[in-house]
Every structure is written in C-alpha cells, then in structure tokens.
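K.L.:
Predicted model, plus sequence, below.
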Amino acid sequence: MTLSPDQNILFEIWGIAINATVFFTWVVMALLTLAAGLITRNLRPDVPPGRWRTTLEVIVLGIQSQIEEVSGRREDHLLYFAGTLFLFVAVSNLLLVVPGFTPPTASLSTTTALALSVLIAVPLFGITSRGLGGYLKTYLEPSVVMLPFNIISEASRSISLAIRLYGNIMSGAVIAAILLSIVPFFFPVVMDVLGLLTGMIQAYIFAILATVYISSATASSQPKKDTQ
Amino acid sequence: MSIDWITVAAQIVNFLVLVWLLKRFLYRPILDGIDAREEEITQRMQEAVHAREEAETREQEYQDQIESLNLKQADMTETIRKEAEKQRDVLLAEARERVENERASWSKHLDEEKRKYTSRLHRVGASAILALTGKALTDLADETLEERMVQSLARRIEPMASDLKRAAGQAAEAVVTSHAALSQAGQDAMESKLKEVFPDLSVRFETNEEQSHGLILRIGGAQLAWTVETYLDGLDEMIDAQLSSREGSGAQSDEQ
C-alpha cells in the first residue's frame, strides 16, 4: 500500500512517466470542462435557463457571494481562482467514492502545488491591486520589527494549507483502505460517506482561506483608491 | 509522505490550465448570461414602466377625448334641437300661409262660382219670371209685359217731371234702353208720353242684352230705371240665405 499516488506510474507519453496524480487530475479537469462546456454551449439571454444551467448558476453565484462576503466586493479574477480551487478540490474529493479513482488531492504534491499557487497568487493579487511598493510595505507593518514574522506567517500559511488538505484527504483514503481490508462490510461505506463530507468541508476551507489571504493582501488598498 | 516536485510543477500547470478552461467554459458564459438576463429584465421592466406610462397617457387622452365628445354631442344636440324648432316654426308658418292662400283661393273661387251661379240664376230667373209673368199676363189679360211696363213707366214720369227736368238740364235727347227691342206700339206710347213732358226732346230707343229686363230712361244726368233688377236682388238675397244655411248645416255635419 502506497501513501501517495505519485509513485503509481500508470503509463508514459513520449518517455514522460504519467503517474496517477496527474492522470486523475486530467480526468477531473476533463469532467469539469466537458460538463461546463456542454451546459453553457447554447446559452442565450432569451432562452429560459434549464435545470443544469440553473445548477451551474447556483454554484457560481454561491461561490461569488461567499467571495463577496469575505472580500466585501465583487472580483472576477478572485472568483476564477478561488472558484476553480473549490471546484477542483470538491470534485476530486467527491470522486473518492468511485472505485479505482484516487483523488489527486490525496497527493501531497497536488496539495503543495495548490498551496504554492495560493502563495504566488497572494502577492500577485496584492501587487496588481496596490502596486509593488504598496504590497512590500505590508511586510513592514505595523513596524519593521515585524518583517521576519510576516515572512514566516506567509510561509506557514502555505504549508498549513497544503498539509491540512493532504492530511485530511489522504487519511480518509487510507482509513477507508485499511477498514476495507479489515472489515469489508459496512464500515468502509460509513467512512466513505464521512470522507465525502470531510472532502466537501476541506474544499470549502481551502477555497475560503485562499480568498481570505488574497483579500487581506488587497483589502487595505481600496480606501486609498477611493480617496484618490 | 514525499513531495514529487515534478508532479508539483505539473499540478501547478494543470491548475492554471483548469483556471483558464473554467473561465472560458464556465464562469464567463454563466456570468455573462446572468448579466445579460439581468439587463434584459431591467430593460423589460423599463419597457413595462414606459408602456404603463404610455398606457396611462393614452387613457388620459381617451378620457379627455370622450369628455370633449360628450360636450360636443351636447352642443350638437342643443344646436340640432334649436334648428329643428326653427325649422318646425318655418314649416308651420309656411303651412299656415299655404292654408291661408288655399283658403283665400278657395274663397275666391267660391265667390267666383257664386257670382257665376248668381249671374246665371239671375238671367235664368229673370227670363223665367218674365216668361211666366208675360205668359200669365198674356193668357189672363191679353197684355204683353213690355207694353204694361211702358205704360207703368209712362205713368211715373208725370209725377216726377219736375225732378227729371231739373236733373236733365239742357239735354236734347232721351235714351230708352231695354233688354229686347220694344214693339212699335210701345215705342210710340213711350215717345208720346215723353213728348208731353219734354216737347223739344228727341227720343232714341236702344237694346242692351247685359241689362235686366225692363226699361231705363236717361235724360242727361237723370236716370229712371223700371226693371226687374230689384226683384232679382230679392231673389239673390233668398238664394244667398239658402246657400248660407246649407253651408252652415254642411259645416256642422263635417264637424260631427
């Protein structure tokens, strides 16, 4: 039993080894893109929305309202980023119940990649919002003494994000596998249901924390813009 | 627990690709669709508000038009009523005038008829009276009416001689007019009688069919008539009375 799907090489393309993490990530990407493309391909304002389109609208508007509650404003770029984080993590975790599917989020590489994406996105959004100087000044607030603590805080955020998601999903998958080998009936099902719940909660927590971090990097710039 | 950094890099790329794909196929279409729908709903609501305002404006216009039409209708009704009354008065006046004209015409026609009838009756009655009188006189006394009338007129001349002379003045001729020519004996008797009163006077005898039966003597400005005219006037009065009584009874029967 391997703890990480990174070591499970499924096939090679032009000599590049494709492990389970990347492969199942592609599967999730394909599922999300195909579903979105099929539902929104004939989208016109004069056609009443169908049930699938309404479902997508509910999901997108729900994510958007959560971001607005956290950041206090509507930001489309933040929606693309945080919404994709939530949908990717949520779908990956929901597919845990599919036999043979290994969630990419059970790989520390994936969660690290997502955490690094957040780590990079925070300064990018901050610099875009308030400029390079304005963003770097936030590390010196409230005083220069706080500079090392602010840097440690940024690093620890990313590490905590990565470890939290990985630990929860991986542990759920491992516990389900262990229980399946010990008690083949009933308990694995209960653990899978619990895993679904945990997976949805972790997706929500991951996306909302990313939103909070990015919003905190961009929030203080808004009054300055208003006064200008 | 290990981190495969190549996988990490691949996952970062995968995640960024997924962000782009979902932006292209999910977020933008959904958000644009929602925005378009909201815009369309806003536009429709504005159109509905506009349509409502327009409908209210139209309603007000129609109400004003209805009130204006009602006022016009009342005015037109009043004008037509007055015009009708005027027309009625004109027609009544025309009818009255026409009736009056017809009545006058009818009355004139009636008078003419009456005059013609009276004139005809006059002639017929006079002829009948004279014929009857003459026949009776001839049968009973072996006399003619003209001769008796000549004698009678001759008798009246003498008492009236002074008046006749005064009225005749310097006249040199006496004219005796009769309806029919007098007999020679009658002319002689009349002439001899006149010569007794007026010795220098010449006597001329004339006939006039328009004149009533009898004799009319003219001497200058004096005229002495001895005709049945007065009797015929009496006959006229009787006929008029008879006609009047018949007209009265006819009118009463018409009223009944």
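P.N.:
It's in.

K.L.:
now the helices for chain B?
P.N.:
B:5-22, B:28-141, B:145-157, B:161-168, B:184-197, B:229-255 (DSSP state H).

K.L.:
would JSON lines of those with mean pLDDT be doable?
P.N.:
Shown next, in JSON lines, are those (pLDDT from 0 to 100):
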{"stretch": "helix B:5-22", "mean pLDDT": "93"}
{"stretch": "helix B:28-141", "mean pLDDT": "89"}
{"stretch": "helix B:145-157", "mean pLDDT": "79"}
{"stretch": "helix B:161-168", "mean pLDDT": "80"}
{"stretch": "helix B:184-197", "mean pLDDT": "83"}
{"stretch": "helix B:229-255", "mean pLDDT": "68"}
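
K.L.:
A:Thr211 is nearest to which of those?
P.N.:
For the helices of chain B, proximity to A:Thr211 was assessed by C-beta to C-beta; helix B:5-22 is nearest, at 14.3 Å. Heads up, the C-betas are built off the backbone N, CA and C, glycines and all.

K.L.:
Contacts only, for A:Gln64.
P.N.:
Applying C-beta atoms under 8 Å, 6 or more residues apart in numbering or on different chains to A:Gln64 gives the contacts A:74, A:79, A:83.

K.L.:
Can you pull up the most central residue in the chain?
P.N.:
Going with chain A. A centroid search over chain A (C-alpha atoms, centre = their mean) returns A:Leu85, at 2.8 Å, as the residue closest to the centre.

K.L.:
The chain in question should be chain B.
P.N.:
B:Arg98 (1.0 Å).

K.L.:
Distance check, that one against B:Ser105.
P.N.:
10 Å (C-beta to C-beta, to the nearest Å).

K.L.:
A:Val118 now?
P.N.:
Counting by C-beta to C-beta, the gap from A:Val118 to B:Ser105 is 127 Å.

K.L.:
Check the offset of stretch B:167-180 from the chain's centre.
P.N.:
52 Å (C-alpha atoms, centre = their mean, to the nearest Å).

K.L.:
Tell me the buried residues within the contacts of A:Gln64.
P.N.:
Taking 16 or more other C-beta atoms under 10 Å in any protein chain shown as the criterion, what is buried in these is A:79, A:83.

K.L.:
Name the helix or strand for A:Phe101, please.
P.N.:
Using DSSP states H and E, A:Phe101 maps to neither a helix nor a strand.

K.L.:
Was I right to think B:Leu201 contacts B:Val176?
P.N.:
No. The criterion here is C-beta atoms under 8 Å, and B:Leu201 misses it with B:Val176 at 11.2 Å.

K.L.:
Of those two, which one has the most company?
P.N.:
B:Val176 (22 against 16; other C-beta atoms under 10 Å in any protein chain shown).

K.L.:
is it true that the more buried one touches B:Leu215?
P.N.:
Yes. Counting by C-beta under 8 Å, B:Val176 touches B:Leu215, with 6.0 Å between them.

K.L.:
joint contacts of the two?
P.N.:
With C-beta under 8 Å, 6+ apart as the test, B:Val176 and B:Leu215 both reach B:182, B:190.

K.L.:
Provide a list of residues in contact with the residue nearest to B:Val19 when sequence neighbours are not counted.
P.N.:
Once flanking residues are discounted, B:Val19 sits nearest to A:Thr84: 4.6 Å by C-beta to C-beta, 6 or more residues apart in numbering or on different chains. Neighbouring residues of A:Thr84 by C-beta under 8 Å, 6+ apart: B:15, B:18-19, B:22-23.

K.L.:
starting at the chain centroid, how far to the longest helix along chain A?
P.N.:
Scanning chain A for the longest helix, with DSSP H as the assignment, gives helix A:147-182. From the chain centre to the centre of helix A:147-182 is a distance of 13 Å (C-alpha atoms, centre = their mean).

K.L.:
what does stretch B:19-33 give?
P.N.:
Distance, centroid of stretch B:19-33 to centroid of chain: 100 Å (C-alpha atoms, centre = their mean).

K.L.:
repeat for stretch B:179-195
P.N.:
58 Å.

K.L.:
Tell me where chain A has strands.
P.N.:
A:9-13, A:16-19 (DSSP state E).

K.L.:
Adding distance to chain B, mean pLDDT and mean neighbour count as columns, could you present those strands in CSV?
P.N.:
Output for the strands of chain A, formatted as CSV (distance: least, C-beta to the nearest C-beta, whole Å; pLDDT from 0 to 100; neighbours: other C-beta atoms under 10 Å in any protein chain shown):
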stretch, distance to chain B, mean pLDDT, mean neighbour count
strand A:9-13, 11, 82, 10
strand A:16-19, 6, 86, 15
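
K.L.:
if we can go back for a sec, looking only at neighbour counts, state which of A:Val118 and B:Ser105 leads.
P.N.:
Shown here are A:Val118 and B:Ser105; by other C-beta under 10 Å, A:Val118 has more neighbours (23 against 10).

K.L.:
show me the contacts for the more buried one.
P.N.:
A:85, A:157-158, A:161, A:209-210, A:213-214.

K.L.:
quick one on the thing from earlier: and the residue nearest to the centre of chain B, how far from chain A?
P.N.:
Applying C-beta to the nearest C-beta, to the nearest Å, the value for B:Arg98 to chain A is 80 Å.

K.L.:
likewise B:Ala9?
P.N.:
B:Ala9 is 8 Å from chain A, by C-beta to the nearest C-beta.

K.L.:
Now that residue: closest residue in space, sequence neighbours ignored.
P.N.:
Here the residue nearest B:Ala9, using C-beta to C-beta, 6+ apart, is A:Ala113, at 7.5 Å.
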